[in-house]
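Chemist: Below is the sequence, then the predicted model.
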Amino acid sequence: MRGSDDRTGALFSYVDLERRVRSDHPLRAIRTIVNEALCALEREFTALYARVGRPSIAPEKLLRAMLLQAFYSIRSERQLMERLEFDLLFRWFVGLGIDDPVWDHSSFSKNRDRLLDGDVAAKVLSAVLVQPQVKRLLSSDHFSIDGTLIEAWASMKSFKPKDGADEPPGGGRNPDADFRGERRSNDTHASTTDPDARLYRKGGGKEAKLCFMGHALMENRSGLVVGACLTHANGQAERVAALALIEPFADRPRAITLGADKGFDAQDFVNELRAMKVTPHVAQNTSGRRSAIDRRTTRHAGYAMSQRARKRIEEAFGWIKTVAGQEKTRFRGHERVGLAFTFAAVAYNLVRLPRLLASLP
């Protein structure tokens with residue numbers, strides 16, 4: 001028989017949120033890993049807050065909500081709060097009851113800034129990777145490094161002389177601008193919207209943009225990100241960040257390997273790696289120059305394997321910049337952009353972990 005179009009709901013609901021999420025939903029496995037990591041960081045969270053005063057948003061709920069924002073490509077905090085209002089799956093993952101009020105978007109943003117003080121994103125990344133079942137997936141000997149540009153939330157019109165010279169009079173809030181023939185550099189100019197952004201050109205024939213540079217260290221067994229950071233965009237940033245990211249894994253009795261592209265083929269960088277007992281599996285750059293990598297390295301089969309494996313790091317960058325929305329950041333300032341980039345790397349690992357863990361014997 002035909003069902004009735006009755007829109008009057010029951011006054012009370014007796015179905016628990018736990019029962020409304022199917023047993024094989026991917027977020028169930030992710031939530032288990034996340035909860036274990038957040039429990040391990042309870043002392044770090046406590047140190048960030050005063051012992052008296054009005055209770056804030058619980059950092060555990062705040063971080064779970066930020067993960068959902070990355071998983072589902074939600075572009076703003078206002079939209080995230082709206083989704084939390086009606087989506088039972090989101091409420092279940094974050095830890096909100098069906099009758100709990102949702103926070104105001106400005107309160108959410110204000111509480112998120114508190115996490116900048118404790119380098120929370122990097123600690124969450126480490127807390128996920130040290131879990132026993134996750135450690136079985138990781139390689140401790142073979143790594144790859146690369147960097148990517150994160151476009152700043154600032155326009156080229158905001159890139160003005162630091163001394164305030166040549167300011168066009170009037171013109172309203174968005175005046176016309178003509179940069180033809182004007183010499184502009186990071187030494188003489190700065191963005192008035194985001195002073196931490198730097199003008200940088202990725203390569204010959206490419207346009208210069210205001211941006212930051214994100215860096216990721218990947219282990220080669222499962223392709224998971226084991227280290228991430230954000231720096232100012234300049235020609236030395238990739239190599240300096242690579243040394244900082246690989247250092248915690250280096251200086252061991254047995255040498256480890258680090259795969260990288262041609263941009264890392266510099267004699268000083270290669271010498272630094274070898275001093276740290278890291279074998280530099282760097283792609284050779286022989287375009288009008290002599291490579292710092294010779295046959296002592298390239299003759300081994302492991303070199304070719306590292307060169308194949310290192311390209312998988314582009315999968316992480318692709319997910320972080322498209323799904324997690326980091327191609328053009330929504331934040332201003334080095335610390336906020338760095339928090340968002342590192343936390344997007346955490347989200348990338350969490351998306352891949354359920355399937356990887358299911359493949360373990």
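Modeler: That came through fine. Numbers count the residues shown, from 1 in each chain.

Chemist: All the strands of the stretch 101-250 of the chain, residue numbers only.
Modeler: Using DSSP state E, counting those that start in this stretch, the strands of the stretch 101-250 of the chain run over residues 142-151, 159-161, 189-191, 198-201, 208-219, 225-232.

Chemist: Where does pLDDT dip in the protein?
Modeler: Applying pLDDT under 70 to the chain flags residues 3-4, 7-14, 165-175, 177-179, 181.

Chemist: can you tell me which helix in it is longest?
Modeler: helix 334-358 (DSSP state H).

Chemist: Tell me which other helices or strands that one touches.
Modeler: helix 26-40, helix 59-71, helix 120-129, helix 132-135, strand 208-219, strand 225-232, helix 313-322 (3 or more CB pairs under 8 Å, 6 or more residues apart in numbering; DSSP states H and E). For the C-beta atoms, the positions are set from N, CA and C on the backbone; glycine is no exception.

Chemist: 7 Å instead, please
Modeler: In terms of contacts (3 or more CB pairs under 7 Å, 6 or more residues apart in numbering; DSSP states H and E), helix 334-358 is packed against helix 26-40, helix 59-71, helix 120-129, strand 208-219, strand 225-232, helix 313-322.

Chemist: can you put the strands of the stretch 101-250 of the chain in JSON lines and add distance to Gly318 and mean neighbour count?
Modeler: Converted to JSON lines, the strands of the stretch 101-250 of the chain look like this (distance: least, CB to CB, whole Å; neighbours: other CB atoms under 10 Å):
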{"stretch": "strand 142-151", "distance to Gly318": "9", "mean neighbour count": "23"}
{"stretch": "strand 159-161", "distance to Gly318": "28", "mean neighbour count": "18"}
{"stretch": "strand 189-191", "distance to Gly318": "27", "mean neighbour count": "19"}
{"stretch": "strand 198-201", "distance to Gly318": "20", "mean neighbour count": "19"}
{"stretch": "strand 208-219", "distance to Gly318": "12", "mean neighbour count": "23"}
{"stretch": "strand 225-232", "distance to Gly318": "13", "mean neighbour count": "22"}
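
Chemist: still on that earlier bit, what comes into contact with the longest helix of the chain?
Modeler: With contact meaning CB atoms under 7 Å, 6 or more residues apart in numbering, helix 334-358 is reached by 26, 29-30, 33-34, 66-67, 70-71, 115-116, 121-122, 124-125, 128, 133-134, 137, 150, 196, 212, 214, 216, 222, 224-225, 228-230, 316, 319-320, 324, 326, 329, 331.

Chemist: Buried residues in it, which are they?
Modeler: Neighbour counts using 16 or more other CB atoms under 10 Å place 334-354, 356-357 of helix 334-358 among the buried residues.

Chemist: Likewise for stretch 33-49?
Modeler: Using 16+ other CB under 10 Å as the test for burial, stretch 33-49 gives 33-34, 36-38, 40-41, 45.
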